[in-house]
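Trainee: Sequence below, structure please.
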Amino acid sequence: MVRARPVLTFLTAVLLAVPGITALSSAARAADADLAVNGGFESGLSGWSCTAGSGTTVNSPVHGGVSALQATPAGSDNAQCAQTVTVQPGAQYTLSGYVRGSYVYLGASGTGTTDVSTWTQSAPDWQKLTTTFTTGASTTKVTIYTHGWYGTGAYYADDVSLVGPGASAGQPPAAPTGLKTGTITSSGVALSWSAVTGATSYAVYRDGAKVQTATGTSATVTGLSASTAYSFQVTAVNGAGESAKSAAVTATTTAGSSGGSGDLPTHALVGYLHASFANGSGYTRVADVPDSWDVIDLAFGEPTSATSGDIRFNRCPVTECPNVESDADFKAAIKAKQAAGKKVLISIGGANGQVRLTTTAARDTFVSSVSNIIDSYGLDGLDIDFEGHSLSLDASDTDFRNPTTPVVVNLISALKTLKAKYGSKFVLSMAPETFFVQMGYQYYGTGKWGGQDPRCGAYLPVIYALRDDLTLLHVQDYNSGPIMGLDNQYHSMGGADFHIAMTDMLLTGFPVAGDANNVFPPLRPDQIAIGMPASVNAGNGYVAPSEVTKTLDCLTKKTNCGSYATHGTWPALRGLMTWSVNWDRYSNWEFQKNFDAYFG
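Mentor: Residues are numbered from 1 along each chain as shown. Reported below is the predicted structural model:
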């Protein structure tokens with residue numbers, strides 16, 4: 001050992017005598033830095049995002065400092081905590097961290113080459129995990145993460161670091177010029193602008209709010225209201241930041257056809273009528289539905305099997321519904337309602353009617369069988385009430401604007417075919433649960449790293465594809481778990497706050513799975529009715545008439561709002577939907593009377 005020292009001293013001297021080597025070594029060391037933000041969790045979860053509120057910080061156990069991450073997997077969530085870091089293209093990075101627990105993972109995704117991860121099956125005490133990767137030729141951001149495994153209890157992480165060359169700060173690009181409008185419709189405005197040197201993307205603003213990101217020099221902003229003036233601006237973006245906004249241009253959407261409004265009144269009351277079954281509310285004949293109800297959804301048309309696409313509408317048998325009317329009287333009552341300006345639809349699905357159009361053959365059968373029901377009873381249109389496992393997304397299906405999952409693609413195709421067949425007066429409505437729509441703000445499908453429920457947000461591609469044909473969207477704001485709103489707070493059933501937050505999301509639009517570059521655009525207010533249970537017997541989430549009034553006041557007048565701050569005021573909100581006409585009759589028409597009193 002002693003005899004080796006002169007050799008080492010000599011080699012060191014030789015290296016220091018070579019200027020090129022000295023400069024290279026010093027530059028490499030100077031460029032390397034720990035790019036992870038708050039890797040020791042000393043500032044709580046600042047810089048980190050944990051799925052489903054699974055993460056928190058604790059003071060014991062810790063590896064270094066006074067805090068560490070504790071995250072607990074639950075159900076279909078693996079308690080992933082992640083942050084996105086700016087990096088240099090074509091550079092090598094070392095990711096390391098200390099973990100405790102069973103089945104703890106540390107990894108990086110979006111590297112542009114091969115995504116990496118490392119894990120430990122069991123770490124009863126702090127164990128260091130380390131992995132390396134090289135970024136791709138155009139990669140400027142990577143996501144680093146930790147996660148556990150389902151049902152294995154809490155895990156801990158501390159002192160996470162990502163060491164490598166930091167990105168050059170550079171300068172944000174100049175503001176775009178030449179912004180102009182192109183094709184304008186009743187629900188969309190096409191925009192274009194001049195390219196900006198150094199820009200990697202562009203942000204589009206509508207009335208001061210960012211609504212879209214584009215990689216090229218054009219975009220179409222959709223989900224707009226007919227006959228409405230809007231102001232648009234764009235900014236240029238690169239790794240150093242965002243430019244100032246361009247000069248504004250204004251555009252007024254055309255009157256259009258209101259997206260197939262079906263000649264509904266300005267404010268409409270929608271209710272489901274138990275037409276194929278009886279329950280505790282009793283059977284209500286079509287002729288006995290009061291004139292206050294503008295849209296009557298006959299519940300339900302159901303498939304012969306989940307994947308057949310063959311929909312049948314079987315009316316309630318007299319053995320179950322002693323007061324059921326004859327087929328002739330049923331059809332005559334429908335015609336009488338229509339003569340009075342009401343719309344009568346067939347609703348497909350429900351809690352027991354799972355429909356999965358897995359093949360084009362099932363799609364075609366769906367179209368023909370639904371058409372047969374509509375024609376046989378002379379109905380005005382169709383309501384899609386797919387629940388349960390009717391819609392889910394394949395793991396590779398990540399873009400709601402361009403879905404690839406067969407059950408989604410085939411449903412969209414079937415609905416477009418039906419709309420084309422019956423024309424502009426055809427009424428198309430949808431009644432998804434919050435899990436399939438607003439939950440998409442946090443999660444979409446199985447997620448980037450897998451493990452999420454593939455049904456999360458699965459209605460979004462259907463709504464988006466049919467946005468110009470959709471008459472009404474009335475999400476079921478009931479039988480729902482807590483849902484995160486645009487204020488990034490969880491909202492629960494039982495009061496006006498839940499309905500206000502959920503409806504605001506539909507009318508404002510929201511980034512899907514938290515991705516600001518993938519925004520689900522807002523729907524028009526005339527397309528939205530708020531879904532509520534008619535009584536405490538009808539479903540979880542019932543609210544008293546006073547809370548219904550608060551909801552309507554806040555959304556249409558911006559008064560009586562409570563703690564949630566909406567992103568607009570929508571006096572053209574179409575109205576309310578309830579489950580159900582039968583349950584409202586059972587409760588002495590409480591829901592209907594409140595609607596009539598509010599809208600006159």
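
Trainee: Mind giving me the packing neighbours of the one helix or strand residue 220 maps to?
Mentor: Residue 220 belongs to strand 218-221 when assigned by DSSP states H and E. Helices and strands touching strand 218-221, by 3 or more C-beta pairs under 8 Å, 6 or more residues apart in numbering; DSSP states H and E, are strand 189-192, strand 201-206, strand 209-214, strand 229-238. Quick note: C-beta positions are derived from backbone N, CA and C, even for glycine.

Trainee: Name the residues of the third one that are buried.
Mentor: Spelled out, that is strand 209-214. By 16 or more other C-beta atoms under 10 Å, the buried positions in strand 209-214 come out as 210-214.

Trainee: from those residues, which single one is nearest residue 87?
Mentor: residue 213 (20.1 Å; C-beta to C-beta).

Trainee: so who does the closest one touch?
Mentor: Residue 213 makes contacts with 201-204, 237, 516-519, as judged by C-beta atoms under 8 Å, 6 or more residues apart in numbering.

Trainee: and what of residue 231?
Mentor: For residue 231, the contacting residues are 206-208, 248-250, by C-beta under 8 Å, 6+ apart.

Trainee: Determine which two of these are furthest apart.
Mentor: Across the contacts of residue 231 (C-beta to C-beta), the longest gap, 13.6 Å, separates 208 and 249.

Trainee: hey, what's in contact with both of those two?
Mentor: Here residue 208 and residue 249 share the contacting residues 231, 233, scored by C-beta under 8 Å, 6+ apart.

Trainee: Neighbour count for these two, which is higher?
Mentor: residue 249 (16 against 9; other C-beta atoms under 10 Å).

Trainee: coming back round to it: buried ones from the contacts of residue 213, can you make that a PyMOL selection?
Mentor: Provided next is the PyMOL selection string for whichever of the contacts of residue 213 are buried by 16+ other C-beta under 10 Å:
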select buried, resi 202+203+204+237+518+519
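
Trainee: Going by distance to residue 283, which of the contacts of residue 213 wins?
Mentor: If you rank the contacts of residue 213 by distance to residue 283 using C-beta to C-beta, residue 519 comes first, at 44.7 Å.

Trainee: What does the closest one show for phi and psi?
Mentor: phi -100, psi 130 (degrees, to the nearest 10).

Trainee: What ranges does the chain have for its helices?
Mentor: Counting by DSSP state H, the chain has helices at residues 5-16, 19-31, 327-339, 360-377, 406-422, 460-465, 496-508, 545-557, 581-586, 590-599.

Trainee: Next, format those as TSV and append distance to residue 54, mean neighbour count and mean pLDDT.
Mentor: Below are the helices of the chain laid out as TSV (distance: least, C-beta to C-beta, whole Å; neighbours: other C-beta atoms under 10 Å; pLDDT from 0 to 100):
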stretch	distance to residue 54	mean neighbour count	mean pLDDT
helix 5-16	49	10	36
helix 19-31	35	10	40
helix 327-339	50	14	96
helix 360-377	38	18	97
helix 406-422	28	19	96
helix 460-465	23	24	96
helix 496-508	22	24	96
helix 545-557	31	19	96
helix 581-586	37	25	97
helix 590-599	38	18	96
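
Trainee: mind listing what the residue positioned nearest the centre of the chain touches?
Mentor: Centroid-nearest residue in the chain: residue 440, 2.3 Å away (criterion: C-alpha atoms, centre = their mean). For residue 440, the contact set (C-beta under 8 Å, 6+ apart) comprises 400, 456-457, 460, 510, 512-513, 520.

Trainee: From those, which land in strands?
Mentor: Counting by DSSP state E, the part of the contacts of residue 440 found in strands is 510, 512, 520.

Trainee: Touching, residue 504 and residue 561? I think so.
Mentor: No - if you go by C-beta atoms under 8 Å, residue 504 and residue 561 don't touch, sitting 10.0 Å apart.

Trainee: quick one, which of the helices of the chain is nearest to residue 187?
Mentor: Closest among those, using C-beta to C-beta: helix 460-465, at 12.0 Å.

Trainee: Who are the packing partners of that closest one?
Mentor: Against helix 460-465 (3+ C-beta pairs under 8 Å, 6+ apart) you get helix 406-422.

Trainee: what's the helix it packs on packed up against?
Mentor: On a contact count with 3+ C-beta pairs under 8 Å, 6+ apart, helix 406-422 meets helix 360-377, strand 381-385, strand 427-430, helix 460-465.

Trainee: what's next to that helix, contact-wise?
Mentor: Residues outside helix 406-422 that contact it (C-beta under 8 Å, 6+ apart) are 260, 356-360, 362-363, 366-367, 370-371, 374, 381-382, 384, 386, 390-393, 397, 403, 426, 428, 458, 461-462, 465-466, 469.

Trainee: For residue 271, which non-adjacent residue is closest in space?
Mentor: residue 581 (3.9 Å; C-beta to C-beta, 6 or more residues apart in numbering).

Trainee: and that neighbour, what is it in contact with?
Mentor: 271-274, 284, 289, 293, 296, 534.

Trainee: and with 7 Å instead?
Mentor: Residues in contact with residue 581 (C-beta atoms under 7 Å, 6 or more residues apart in numbering) are 271-273, 284, 289, 293, 296.

Trainee: Residue 199 too?
Mentor: 173, 236-238.

Trainee: ok, so of these, who is nearest residue 33?
Mentor: Nearest member of these to residue 33, counting by C-beta to C-beta, is residue 238, at 20.5 Å.

Trainee: Correct me if wrong: residue 594 contacts residue 543.
Mentor: No - with contact defined as C-beta atoms under 7 Å, residue 594 does not count as touching residue 543 (10.5 Å).

Trainee: Lowest average pLDDT across the helices and strands packed on strand 218-221?
Mentor: Per-stretch mean pLDDT for those is lowest at strand 209-214 (a mean of 84).

Trainee: That one pairs with which strands?
Mentor: Next to strand 209-214 in the sheet, as set by DSSP bridges, lie strand 201-206 (antiparallel).

Trainee: Just want the angle from the strand it pairs with to strand 229-238.
Mentor: 160 degrees (axes from the mean of the first three to the mean of the last three C-alpha atoms, to 10 degrees).

Trainee: Turn the helices and strands packed on strand 218-221 into CSV, columns for distance to residue 480.
Mentor: What follows is the helices and strands packed on strand 218-221, written out as CSV (distance: least, C-beta to C-beta, whole Å):
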stretch, distance to residue 480
strand 189-192, 34
strand 201-206, 29
strand 209-214, 26
strand 229-238, 32
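
Trainee: how about the ones you listed, which one is nearest residue 555?
Mentor: Among the helices and strands packed on strand 218-221, strand 209-214 sits nearest to residue 555 (C-beta to C-beta), with 17.3 Å.

Trainee: Put the alpha carbons of that closest one into PDB.
Mentor: In PDB, the C-alpha atoms belonging to strand 209-214 read as follows (Å, rounded to 0.1, in the frame of the first residue of the first chain):
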ATOM      1  CA  ALA A 209     -57.500  31.500 -19.600                       C
ATOM      2  CA  LYS A 210     -55.200  28.800 -21.000                       C
ATOM      3  CA  VAL A 211     -57.300  26.300 -22.900                       C
ATOM      4  CA  GLN A 212     -55.000  24.400 -25.200                       C
ATOM      5  CA  THR A 213     -51.400  23.600 -26.100                       C
ATOM      6  CA  ALA A 214     -50.300  23.200 -29.700                       C
END
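
Trainee: Where does the prediction get shaky in the protein?
Mentor: 1-31, 167-169, 255-262 (pLDDT under 70).

Trainee: Could you rerun that using 80?
Mentor: Residue ranges of the chain with pLDDT under 80: 1-31, 52-53, 75-77, 150-151, 167-170, 186-187, 222-227, 239, 255-262, 448-449.

Trainee: returning to what we had before: residue 499: which of the contacts of residue 199 is nearest?
Mentor: So of these, ranked by how close each gets to residue 499 (C-beta to C-beta), first place is residue 237, at 35.3 Å.

Trainee: what bridges to that closest one?
Mentor: residue 201, residue 242.

Trainee: residues contacting it?
Mentor: 199-203.

Trainee: ok, how many other residues are close to the residue nearest to residue 47 when sequence neighbours are not counted?
Mentor: Spatial nearest neighbour of residue 47, chain neighbours left out: residue 37 (3.5 Å); criterion: C-beta to C-beta, 6+ apart. Residues lying near residue 37 (other C-beta under 10 Å) number 15.
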